[in-house]
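Colleague: I'll drop the sequence and a predicted model, then ask my questions.
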Amino acid sequence: MRTFFLLFFLLLAPRLFAAEGYIDVTAPVSGKLKLFIAPTTVLSGQAPAETAKELPELFGFDLAIAGPFDISADATSPLILKSSVGVQGETATIECRLVDQVLNREVAAKRYTGRVKDLRRMGHAFSDEVLRALTGQKGPFTGKIAYVSKVSGNKEIYIMDYDGHNAQRLSNNGSINLYPDFAPSGKEVIYTSYKKGNPDLYRRELFTGLEARVSFRSGLNAMGVFSPDGNRIALVLSKDGNSEIYVIARDGKELSRLTKNHAIDVSPAWSPDGSKIAFVSDRLGKPQIFVMDSDGGNVRRLTTSGSYNVTPRWSPKGDRIVYARKEGAFQIYAINPDGTQDTQLTSTGSNEHPRFSPDGRFIVFSSTRDGGEGLYLMRADGSTQTRISPNKGLNTHPTWSVNW
């Protein structure tokens, strides 16, 4: 997409900022900022009627779920978001402004030009910039979510916008495909597929569609996750008869075994600095979360509550680890890396496979709460739990990419 950034964004009036200069939207917000989202106007050429409706709805979803805003129907609200769109053939241009109406100052302003089919991405890009203006950190709204769906009758890998729009199938082999994970660049995914009979690990380039089988040892080659630098992959192999955690180079070479235990060791998850790996082991009788150094040393137990804890993932800042605990149904918890502040985040239905957004503001997960199994989004504190599944099919194992 051809995208050109124009204009500028100014500092918001001091009355809207925390003492440090920005609002912390990962914490509960007591005094939300009233924001009116104006109807989209025509910039030039033609603007389809559905676009005029779609952009305000997109901004409303992004910014309401982010936390600091109270989306208002009052056009005199302190903040107003204005947008204009123009379409010439296959090219679309949108201009967006966030205005402080009290001081009559622009907080953020951008102009984007690209393909018509990228209008939603351009809108999400401005939502990202609004959060940057308020918090000092760009939003995650232009990121993608990869997931497993059975909507076609088989478990295939799909990719969609973070809000459930623009779902596309990545795999199409009529077999079983599981455990997608994005490369740090957001341009590749790895996943496990049974398409050749054995559960092998594949790496796929998203923009070219090129695919390589990177681990095809006998038995499991599963639960692969990229290291933070993208050069290594931690995964589960059962080539010696027991599920153990290994690390390989991104091309499948340089095999290194990390766990050596008669128990089952699965679900590796890198810390954001690459120095540690969280994983699941039943070495004490029931599945629990453990943490080890990235070379396999200094293994310690993390979870001490609950008898069945699985699927850990680190936050991007390394300050929290999310996981699922089975207590009848599965519920999602978050815990500090030192084992303190073990906090329950969900309570409705059965909830699994939590993954942080690249900025740590949100958690995507799967849930049975509305029947079947769908994908949901919540803030990192467990609030604002919202369904984002693009269909009624079985959708599981979500993972969130960096912004595109």
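Modeller: Sure, I can see it. Numbers count the residues shown, from 1 in each chain.
Colleague: mind listing the helices for the chain?
Modeller: Per DSSP state H, the chain has helices spanning 49-66, 119-135. These are given in chain order.
Colleague: of those, which shows the lowest average pLDDT?
Modeller: Taking the mean pLDDT of each of the helices of the chain, the lowest value is held by helix 49-66, a mean of 89.
Colleague: how about Pro228, nearest residue that isn't a chain neighbour?
Modeller: With Cβ to Cβ, 6 or more residues apart in numbering as the criterion, Pro228 has its nearest non-adjacent residue at 4.6 Å, and that residue is Gly274. No exception for glycine: its C-beta is placed from N, CA and C like everyone else's.
Colleague: was I right about the one you found contacting Asp229?
Modeller: Yes - Gly274 lies in contact with Asp229 (Cβ atoms under 8 Å); the separation is 6.3 Å.
Colleague: sorry, back to before: report how many residues lie close to the residue nearest to Pro228.
Modeller: Burial measure for Gly274: 13 neighbouring residues, criterion other Cβ atoms under 10 Å.
Colleague: nearest residue to the middle of this structure?
Modeller: To find the centre residue of the chain, average its C-alpha atoms and take the closest one (Cα atoms, centre = their mean): that gives Trp400, at 2.7 Å.
Colleague: what are the phi and psi angles of the residue nearest to Pro228?
Modeller: Note on Gly274: its backbone torsions stand at phi 80, psi 0 [degrees, to the nearest 10].
Colleague: can you pull the contacts of it?
Modeller: With contacts taken as Cβ atoms under 8 Å, 6 or more residues apart in numbering, Gly274 has the following neighbours: Ser227, Pro228, Asp229, Ser294.
Colleague: same thing but at 10 Å, please
Modeller: Shown in contact with Gly274 (Cβ atoms under 10 Å, 6 or more residues apart in numbering): Ser227, Pro228, Asp229, Asn231, Arg232, Ser294.
Colleague: check those residues and tell me the two furthest apart.
Modeller: Asn231 and Ser294 (12.1 Å; Cβ to Cβ).
Colleague: quick one: buried residues of stretch 176-196?
Modeller: Judged by neighbour count (16 or more other Cβ atoms under 10 Å), stretch 176-196 contains these buried residues: 176-183, 186-193, 195.
Colleague: out of Asn231 and Ser294, which sits in the busier spot?
Modeller: Regarding Asn231 and Ser294, a neighbour count based on other Cβ under 10 Å identifies Ser294 as having more, with 19 against 14.
Colleague: low-confidence ranges, the stretch 101-250 of the chain, go.
Modeller: Counting by pLDDT under 70, the stretch 101-250 of the chain shows no low-confidence range.
Colleague: quick one, strands of it?
Modeller: Assignment of strands within the stretch 101-250 of the chain using DSSP state E, counting those that start in this stretch yields the ranges 105-115, 144-149, 156-161, 168-169, 177-182, 188-193, 200-205, 211-215, 221-226, 232-237, 244-249.
Colleague: not counting the fourth one itself, show me its contacts.
Modeller: Going back to what we said before, that points to strand 168-169. Taking Cβ under 10 Å, 6+ apart as the rule, strand 168-169 contacts Lys144, Ser149, Val151, Ser152, Glu156, Ile157, Tyr158, Ile159, Met160, Asp161, Leu206, Pro390.
Colleague: contacts only, for the second one.
Modeller: With contacts taken as Cβ under 10 Å, 6+ apart, Ser149 has the following neighbours: 155-158, 160, 167, 169, 177, 373, 375, 389-391, 393-397.
Colleague: how much space separates it from Arg301?
Modeller: Here the distance between Ser149 and Arg301 works out to 35 Å (Cβ to Cβ, to the nearest Å).
Colleague: then the fifth one?
Modeller: Plainly put, Glu156 is 36 Å away from Arg301 if you go by Cβ to Cβ.
Colleague: between the two, who's got more neighbours?
Modeller: Comparing Glu156 with Arg301 by neighbour count (other Cβ under 10 Å), the higher total belongs to Glu156, at 22 against 13.
Colleague: pretty sure the more buried one contacts Tyr194?
Modeller: No - using Cβ atoms under 10 Å as the test, Glu156 is too far from Tyr194 to be in contact (11.7 Å).
Colleague: please enumerate the shared neighbours of these two.
Modeller: With contacts defined as Cβ under 10 Å, 6+ apart, the residues adjacent to both Glu156 and Tyr194 are Asn173, Ser175, Ile176, Asn177.
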